[in-house]
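> everything below, folded, please.
(one chain, ligands or ions: 1)
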Amino acid sequence: MEPLRLAVLVSGRGSNLKAILDAVAGGSLEASVAGVFSDRIEPPAFEWARRHRVPALTVLPGAGESRAAYDARLAGAVQGVRPQAVVLAGFMRVLSPVFLELFPDRVINIHPALLPSFRGLDAQAQAVAAGVRFSGCTVHFVDADTDTGPIILQSVVPVNQDDTPDTLAARILSREHQAYPAAIQLLAEGRLQIRDRRVLVDWQGRRPRPPRDSIVEWQESKDTCAGGSHRDQE
Ligand code: GRF
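Numbers count the residues shown, from 1 in each chain. Just a heads-up that it's a prediction; the model follows:
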């Protein structure tokens, strides 16, 4: 299988980028990161790109530049590395159809909550404030709204009574670092199919390994992709 060529878009820390690069280097993710792009100058994430010898490029929004004009420029730069999928890893802008239409069903994101709860910014603080007992992360396809696209994988963590937004964020983040490479591997293997806004996962009889310290396994679809060889093992 040819590795899936990825472009990764970042704005800051880059721990998910690091998890993806490590999974590629370790052989658990059959992908290659062809380029890393940022809307900010020298985000910490670029350090991880450099260590893995991946080209890193800032596409800075111009003063007064429209969203559409910026997204067209960004898309042009991203197209330059001929990605087969675009991975948002802490990219702090909402992409408009100008960008998304160039990569149909090929842009994915990770969000630090169990969508559709707690969309947008400060999802972990929203979860603590709401008093929910569980939260987690969601990997989903990106559509033109914020955190609303079809869900690929979710992973669940408990929320403790004494959690702060920071302690919860740290617990969720370690789960993100497992969930994102796992979801991209499913995409690389062609096991994802969007139907009526739902993502059908063809597990091909292979149960995903539960994450360490997991209280709930990956949320699995019990549906079969058309033409797949999935056997429900339940
Ligand atoms: C993560 O919590 C991710 O879920 C959210 O932004 C954060 C990015 O963190 N979309 P990092 O830059 O990958 O460390």
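
> report the separation between the two terminal residues of stretch 48-61.
End-to-end span of stretch 48-61 (Cα to Cα, to the nearest Å): 23 Å.

> touching the ligand at all, it?
No: figure legend: stretch 48-61 not in contact with the ligand (Cβ under 6 Å from any ligand atom); closest approach 9.6 Å. The C-beta positions use only the backbone N, C-alpha and C, and glycine is treated the same way.

> so how far is that stretch off the chain centroid?
On the basis of Cα atoms, centre = their mean, to the nearest Å, stretch 48-61 sits 18 Å off its chain's mean C-alpha point.

> pull out the buried positions in that stretch.
Along stretch 48-61, these residues count as buried under the neighbour rule (16 or more other Cβ atoms under 10 Å): 48-49, 52, 54, 56-57, 59, 61.

> show the contacting residues for V78.
Residues in contact with V78 (Cβ atoms under 8 Å, 6 or more residues apart in numbering) are 7, 9, 35, 37, 86.

> the residue in the chain that the ligand sits nearest to - how many residues pack around it?
The minimum distance from the chain to the ligand, using Cβ to the nearest ligand atom, falls at G90 (2.7 Å). G90: 21 surrounding residues under other Cβ atoms under 10 Å.

> ok, now L95?
L95: 22 neighbours (other Cβ under 10 Å).

> quick one: it is in a strand?
No: applying DSSP: H, G, I helix; E, B strand; the rest coil, one finds L95 to be coil, outside a strand.

> now do the contacts for it.
Counted by Cβ under 8 Å, 6+ apart, L95 has contacts 71, 88, 107, 142, 144.

> not counting its neighbours along the chain, what's nearest the fourth one?
Read that as V142. Counting by Cβ to Cβ, 6 or more residues apart in numbering, V142 lies nearest to V107, which is 4.2 Å off, once chain neighbours are set aside.

> for the lengthiest helix in the chain, which helices and strands make contact with it?
Among the segments of the chain that qualify as a helix by DSSP state H, the longest is helix 165-188. Here helix 165-188 touches strand 4-10, helix 15-26, strand 31-38, strand 85-88, strand 107-111, helix 123-130, strand 134-141, strand 151-158, going by 3 or more Cβ pairs under 8 Å, 6 or more residues apart in numbering; DSSP states H and E.

> who touches the shortest one?
By Cβ under 8 Å, 6+ apart, the list of residues contacting strand 85-88 from outside reads 4-9, 20, 78, 95, 103, 106-110, 142, 180, 184, 187.

> what's downstream of that strand, the next helix or strand?
Next in sequence after strand 85-88, counting helices and strands by DSSP states H and E, comes helix 97-100.

> many thanks, have a good one.
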